[in-house]
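K.L.:
Based on what follows, work out the 3D shape:
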Amino acid sequence: MPKRVSIVVFRECDPSIIYGVFDTLLAAGRFLKDSAAEPLFEPRIVAAEPGALELITGVSIVPQDTIDDIVGTDIVFVPNVIVFTPEELDALDRRLIAWVAKMHRDGALICSACGGSLVLASAGLLSGRETTTHWSHVPVFRHEFPDVRLHEDRILVQTGDGQDIISCGGASSWQDLALLLIARYGGGEEAIRISRLFLYQWHRDGQLPYASMAVNVVHGDAAVLRCQSWLAENYERPDVLAEAARISCLPKRTFDRRFKAATGCSPLAYVQALRIEEAKQMLETGSALVDEVGREVGYEDASSFSRLFRRLTGISPGGYRRRFRIPDFARPSPQDA
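P.N.:
Here you go, the predicted structure:
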């Protein structure tokens, strides 16, 4: 029998992952020359109530089932929820969250994509466990669920008893999770066939190359906020840390402690992240040599810059440029200017 997959839809979802997961799992075991082939999954779109649901993007979706219709399911798939503040997190439909928790108690495999791991954490399924999420959700996740071990650099995290909870990271990493489910229930050959059919690729380098610095500015510490504003304009200076501490009007040890409490990282790590973010922008859009980019953001030693860049992004500066620089065929031609 095909595995029953309930794709849970919140108002805060965006439609791309909902339909992408639906179509991919629907295709597993189907569209084969062998007419005797059996489908692997039976995906269904599930909401709290019947009728059209307008999503946060303005697109409406009509669920096939409500949570009251479903006595049991094999797999629950929670797509992305667009949530960036504690208030937005609190606004999620508690009926759906409670239903996800119930399905887990009843033995369903629970999956989440992107910000969907916030739903799993809200349901109490991740306490003391590991997970991942889209890098943009990291600040609210760490603030609201400090007991969850968050690996924002990873594409897939499996946890729970018998690895019955699977989360994937940002955006298109739902493809990795869909392929994992297909491999688990249909074998590696079917996962490869589907990846070829849809032109999917495994994100083997993790999320770090795609992440941008998520700056926490909702902490309310005025002295730290003042320093963050100054650092954004002066990160390349050689005396940046000493000057930031002076601007805070706090003793150095107090400044370090309050800065980490407010932002989640030390002043040094914060400055390093700012510098690497600027370097990424320069590599994406400019043609300066890697050594020149390093000097521009504050590193005279090219090898130190390259080591730090690789540590924070998981890829070398040259590799980053090759991956993310706009290809020539996509650049505007002179006559378009």
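K.L.:
Residue 176: what's it in contact with?
P.N.:
Contacts for residue 176 (CB atoms under 8 Å, 6 or more residues apart in numbering) come out as 155, 156, 168, 202, 203. C-beta here means a position set from N, CA and C on the backbone, and glycine is covered the same way.
K.L.:
So what does it have for phi and psi?
P.N.:
Torsion angles at residue 176 (phi, psi; degrees, to the nearest 10) stand at phi -60, psi -40.
K.L.:
That one and residue 46, how far apart?
P.N.:
With distances defined as CB to CB, to the nearest Å, the gap from residue 176 to residue 46 amounts to 23 Å.
K.L.:
hmm, back to that, redo the contacts of residue 176 as a markdown table? Include pLDDT and secondary structure.
P.N.:
Listed next are these as a markdown table, based on pLDDT from 0 to 100; DSSP: H, G, I helix; E, B strand; the rest coil:
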| residue | pLDDT | secondary structure |
| --- | --- | --- |
| 155 | 86 | coil |
| 156 | 89 | strand |
| 168 | 93 | strand |
| 202 | 77 | coil |
| 203 | 75 | coil |
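K.L.:
Show me just the buried residues among the residues you listed.
P.N.:
With neighbours counted using 16 or more other CB atoms under 10 Å, these contain these buried positions: 155, 156, 168, 203.
K.L.:
so the first one makes contact with residue 169?
P.N.:
Yes: if you go by CB atoms under 8 Å, residue 155 and residue 169 touch, sitting 5.0 Å apart.
K.L.:
circling back to that earlier point, distance to residue 103 added to the buried ones among the contacts of residue 176, as TSV?
P.N.:
Below are the buried ones among the contacts of residue 176 laid out as TSV (distance: CB to CB, whole Å):
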residue	distance to residue 103
155	24
156	21
168	19
203	27
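K.L.:
what's the first-to-last distance across stretch 169-176?
P.N.:
Start to finish, the residues bounding stretch 169-176 are 9 Å apart (CA to CA, to the nearest Å).
K.L.:
tell me the mean pLDDT for it?
P.N.:
Mean pLDDT, taken over the full extent of stretch 169-176, equals 86.
K.L.:
For that stretch, buried residues please.
P.N.:
If you call a residue buried by 16+ other CB under 10 Å, then stretch 169-176 has these buried ones: 169, 170, 171, 172, 173, 174, 175, 176.
K.L.:
cool, and stretch 42-50?
P.N.:
For stretch 42-50, by 16+ other CB under 10 Å, it's 42, 43, 44, 45, 46, 47, 48.
K.L.:
what residues does the host helix or strand of residue 320 touch?
P.N.:
Under the criterion DSSP states H and E, the helix or strand holding residue 320 is helix 317-324. Applying CB under 8 Å, 6+ apart, the contact partners of helix 317-324 are 209, 279-280, 283-284, 290, 293-294, 305-306, 309-310, 313, 315.
K.L.:
can you map out the strands along this structure?
P.N.:
Assigned by DSSP state E, the chain shows strands spanning 3-8, 41-47, 53-54, 60-61, 65-66, 75-78, 109-113, 130-131, 149-150, 156-159, 165-168.
K.L.:
Confirm for me that residue 167 is in contact with residue 157.
P.N.:
Yes: with contacts defined as CB under 8 Å, residue 167 counts as touching residue 157 at a distance of 5.1 Å.
K.L.:
which one of those two has more residues nearby?
P.N.:
When neighbours are counted by other CB atoms under 10 Å, residue 167 and residue 157 differ, and residue 167 comes out ahead with 31 against 22.
K.L.:
Tally up the residues packed near residue 21, please.
P.N.:
Once other CB under 10 Å is used to define contacts, residue 21 is seen to have 24 neighbours.
K.L.:
domains of the chain?
P.N.:
Per automatic domain parsing, the domain ranges recorded for the chain read 3-210, 222-324.
K.L.:
just the ones you listed: most buried one?
P.N.:
Stretch with highest mean neighbour count among those: domain 3-210 (a mean of 19; mean count of other CB atoms under 10 Å).
K.L.:
give me the low-pLDDT residue ranges for the stretch 101-250 of the chain?
P.N.:
For the stretch 101-250 of the chain, residues meeting the criterion pLDDT under 70 lie at 204-218.
K.L.:
could you pull out the helices for it?
P.N.:
For the stretch 101-250 of the chain, the helices defined by DSSP state H, counting those that start in this stretch cover 116-122, 138-144, 174-186, 188-198, 222-234, 240-248.
K.L.:
Just the CA trace of the fourth one, in PDB.
P.N.:
Output for helix 188-198, consisting of C-alpha atoms alone and laid out as PDB, is shown next (Å, rounded to 0.1, in the frame of the first residue of the first chain):
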ATOM      1  CA  GLY A 188      18.100   4.200  -4.100                       C
ATOM      2  CA  GLU A 189      17.400   3.500  -7.800                       C
ATOM      3  CA  GLU A 190      14.000   5.100  -7.500                       C
ATOM      4  CA  ALA A 191      15.400   8.100  -5.700                       C
ATOM      5  CA  ILE A 192      18.000   8.500  -8.600                       C
ATOM      6  CA  ARG A 193      15.200   8.100 -11.200                       C
ATOM      7  CA  ILE A 194      13.200  10.900  -9.500                       C
ATOM      8  CA  SER A 195      16.200  13.100  -9.200                       C
ATOM      9  CA  ARG A 196      16.800  12.800 -12.900                       C
ATOM     10  CA  LEU A 197      13.100  13.200 -13.800                       C
ATOM     11  CA  PHE A 198      12.900  16.500 -11.900                       C
END
